[in-house]
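Visitor: My questions concern the predicted model and sequence given below.
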Amino acid sequence: MIFLGIESSCDDTAAAVVTGNRRILSSVVSSQTALHADFGGVVPEIAARAHAERLDLAVEQALAEAGLGLGALSGIAVTAGPGLIGGVMAGVMCAKGIAAGTGLPLVGVNHLAGHALTPRLTDGVDFPYLMLLVSGGHCQFLRVDGPDAFTRLGGTIDDAPGEAFDKLAKLLALPQPGGPHVEAEAAQGDPKRFPLPRPLLDRPGCDMSFSGLKTAALRQRDALIAEHGGLQAQDRRDLCAAFQSAVAEVLAEKSRRALAASPVPLLAVAGGVAANGLIRAALEQVAAEAGARFLAPPLRLCTDNGAMIAWAGIERFRLGHRDGMELAARPRWPLDGHAAPMLGHGK
Ligand code: ATP
Ligand code: FE
C-alpha cells in the first residue's frame, strides 16, 4: 500500500509518500516562515495563498523524490482540519482534484491524529500509549487506543507552550520562532534567579496554563528595565532559564498525573516544543519513574509534515474509512469525535 499525504493546516505546505510497511519514500516540507516573519505571527490570508500556489509543486516533488507516478498510489490522505481554514481548504481541494482525476480513494485526516499516530510510523509501537502534543498551536494529552480512538486527558486552557516561548522571545527581542533562541539563552542562565509561577499545579488533573507565565516574565522584564534602564545579557539568559524550567516542570508534573490516571507502557511526545532538551529530559525521567518507555520521534516528523498525514490516512483506510467529494475542511475538529467532516454539517 502506498499513500500520498497532503498537509496545509498552518504555515507549512507539505506532501509525502509513505508505504503501508512504514517506509517514508519522500517528505517535502515547504516552510512559509519567511513570508510571515515581518508580521509577528502567521497571517491566515497569506498562508492560504501560499498553500494554493505551492501545493501542486510539493505533490509533484514528493512523487518525483519517491520515484513514483500517481498510478502507483493506493490512496490520497489530506488534512481536513483543524487549522487555518483557507489553508485546509487549499489542501482538501488539491487532494480532491487528484482523487477525481485518478479515481484513487480519498481519506480525510485530523491533523492532531497525524501527530498522535506518528510513533506508529516511526517506531511501530502498539496501542495503547499516551501522547503529549506540544507545539506552537496545540498542547494536550491524548490517550491513544486505536487509529481513531483518542481520549483527551487534558490540555492548555489558554496558550500553547510553543506560543508562550515565542511570546517570551518577542518580549526579549529574540528572533522568531522563539523556542530555539530561548533554549540557547537559557543554556547560560540561572533558572533560580527569578521565581516564576507554576500555573495550575495546585489544581488536580491534566489541564495546563501558560499565559500567566508569560505575563509574569513580562513583569520581571519591566522591573529589570525600570531598575537598570535596560536589559543586561545575563538578565535575558536568567529570564529564559527561569521560563524554560517553569514550562518543563509543569509539563513533567502534568505528565506524571496523566500516566498515573492512565497507566500505559509508553509516553510519546510530538510538536516543535519536543525539540527542547530540558523538556525532553524532564519527560524522560517522568516516564522512567512510571516504568514507561519514552519516545520522541525525529524532529522533522514531530513538526508539521505530510508523512504523518499519509500514515494516518493508511491507518484509517485499513479500518475501512473512505471519503468522497463531500469531504469538508474544518477549522475546528476535536479528536474525540474523529469521523471525517462532511459538507454542510457545520462544526
Ligand atoms: P501546529 O501547532 O499546527 O502543530 P506549529 O507550526 O505552531 O504548528 P510546530 O512546528 O510543531 O508548531 O512547532 C513550532 C513551535 O515549537 C514554535 O512555537 C517554536 O518556538 C517551538 N519550538 C521549537 N524549538 C523549540 C525549542 N528548542 N524549545 C522550545 N520551543 C521550541
Ligand atoms: Fe501540527
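Guide: Thanks, I have the structure now. Ligands and ions are numbered 1, 2, ... in the order given.
Visitor: tell me the pLDDT at residue 39?
Guide: On pLDDT, residue 39 comes in at 79.
Visitor: how about the strands of the stretch 1-150 of the chain, start to end?
Guide: For the stretch 1-150 of the chain, the strands defined by DSSP state E, counting those that start in this stretch occupy 2-7, 12-19, 24-31, 75-81, 106-110, 129-134, 139-146, 149-155.
Visitor: I'd like to know which of those strands is closest to residue 274.
Guide: Ranking these by proximity to residue 274 (CB to CB) places strand 129-134 first, at 6.1 Å. In this view, the C-beta of every residue, glycine as well, is placed from N, C-alpha and C.
Visitor: what angle sits between that closest one and strand 149-155?
Guide: Computed by axes from the mean of the first three to the mean of the last three CA atoms, to 10 degrees, the angle separating strand 129-134 from strand 149-155 equals 50 degrees.
Visitor: Check the average confidence over stretch 322-332, would you?
Guide: Mean predicted lDDT for stretch 322-332 stands at 96.
Visitor: residues near residue 92, how many?
Guide: Residue 92: 24 surrounding residues under other CB atoms under 10 Å.
Visitor: check contacts around it.
Guide: Shown in contact with residue 92 (CB atoms under 8 Å, 6 or more residues apart in numbering): 78-80, 108, 327-329.
Visitor: where does the stretch 1-150 of the chain come near ligand 1, residue by residue?
Guide: 10, 135-138 (CB under 6 Å from any ligand atom).
Visitor: The same query, at a cut-off of 8 Å, please.
Guide: Within the stretch 1-150 of the chain, the positions lying close to ligand 1 (CB under 8 Å from any ligand atom) are 9-12, 42, 83, 111, 115, 133-138.
Visitor: ok, now which ones touch the residue of the stretch 201-347 of the chain found nearest ligand 1?
Guide: Residue nearest to ligand 1 within the stretch 201-347 of the chain: residue 272 (2.0 Å; CB to the nearest ligand atom). Applying CB under 8 Å, 6+ apart to residue 272 gives the contacts 134-136, 162, 177, 179, 299, 302-303.
Visitor: Pull up the per-residue confidence for it.
Guide: 91.
Visitor: Same check on residue 337?
Guide: Taking residue 337 on its own, its pLDDT is 58.
Visitor: Which residue comes closest to residue 310 once chain neighbours are left out?
Guide: residue 5 (2.7 Å; CB to CB, 6 or more residues apart in numbering).
Visitor: What's the local residue count around that neighbour?
Guide: Residue 5, neighbours per other CB under 10 Å, totals 33.
Visitor: Can you give me the distance of it to ligand 1?
Guide: Using CB to the nearest ligand atom, to the nearest Å, we find residue 5 at a distance of 15 Å from ligand 1.
Visitor: who does that residue bridge with?
Guide: Beta-bridge partners for residue 5, by DSSP bridges, are residue 16, residue 77.
Visitor: So it sits against residue 309, correct?
Guide: Yes. With contact defined as CB atoms under 8 Å, residue 5 counts as touching residue 309 (3.7 Å).
Visitor: Overlap of the contact sets of the two?
Guide: By CB under 8 Å, 6+ apart, the residues touching both residue 5 and residue 309 are 14, 16, 77-78, 109, 114.
Visitor: residue ranges with poor pLDDT in this protein?
Guide: Along the chain, the model assigns pLDDT under 70 to residues 337-347.
Visitor: touching ligand 1 at all, the longest helix seen in it?
Guide: Ranked by residue count and defined by DSSP state H, the top helix of the chain is helix 233-261. Yes. Applying CB under 8 Å from any ligand atom, one finds helix 233-261 touching ligand 1 at 244, 247.
Visitor: now that helix: how far from the chain's centre is it?
Guide: 19 Å (CA atoms, centre = their mean, to the nearest Å).
Visitor: can you map out the helices along the stretch 51-200 of the chain?
Guide: 85-102, 111-123, 161-171, 179-186 (DSSP state H, counting those that start in this stretch).
Visitor: Quick check: which of those is nearest to residue 252?
Guide: Short answer: helix 161-171, nearest of the helices of the stretch 51-200 of the chain by CB to CB, at 12.2 Å.
Visitor: That closest one close to ligand 1?
Guide: Yes. Judged by CB under 8 Å from any ligand atom, helix 161-171 and ligand 1 are in contact via 161-163, 165-166, 169.
Visitor: what's around residue 270, how many residues?
Guide: Residues near residue 270, counting by other CB under 10 Å: 29.
Visitor: Without its sequence neighbours, what residue ends up closest to it?
Guide: In space, residue 270 is closest to residue 115, 4.3 Å off (CB to CB, 6+ apart).
Visitor: how far away is residue 181 from residue 273?
Guide: Distance, residue 181 to residue 273, by CB to CB, to the nearest Å: 13 Å.
Visitor: quick one: which of those two has more around it?
Guide: Counted by other CB under 10 Å, residue 181 and residue 273 do not tie: residue 273 has more neighbours, with 29 against 18.
Visitor: Wait, that one touches residue 161, no?
Guide: Yes. Contact criterion CB under 8 Å: residue 273 and residue 161 qualify, at 4.9 Å.
Visitor: who touches both of the two?
Guide: With CB under 8 Å, 6+ apart, residue 273 and residue 161 have common neighbours residue 134.
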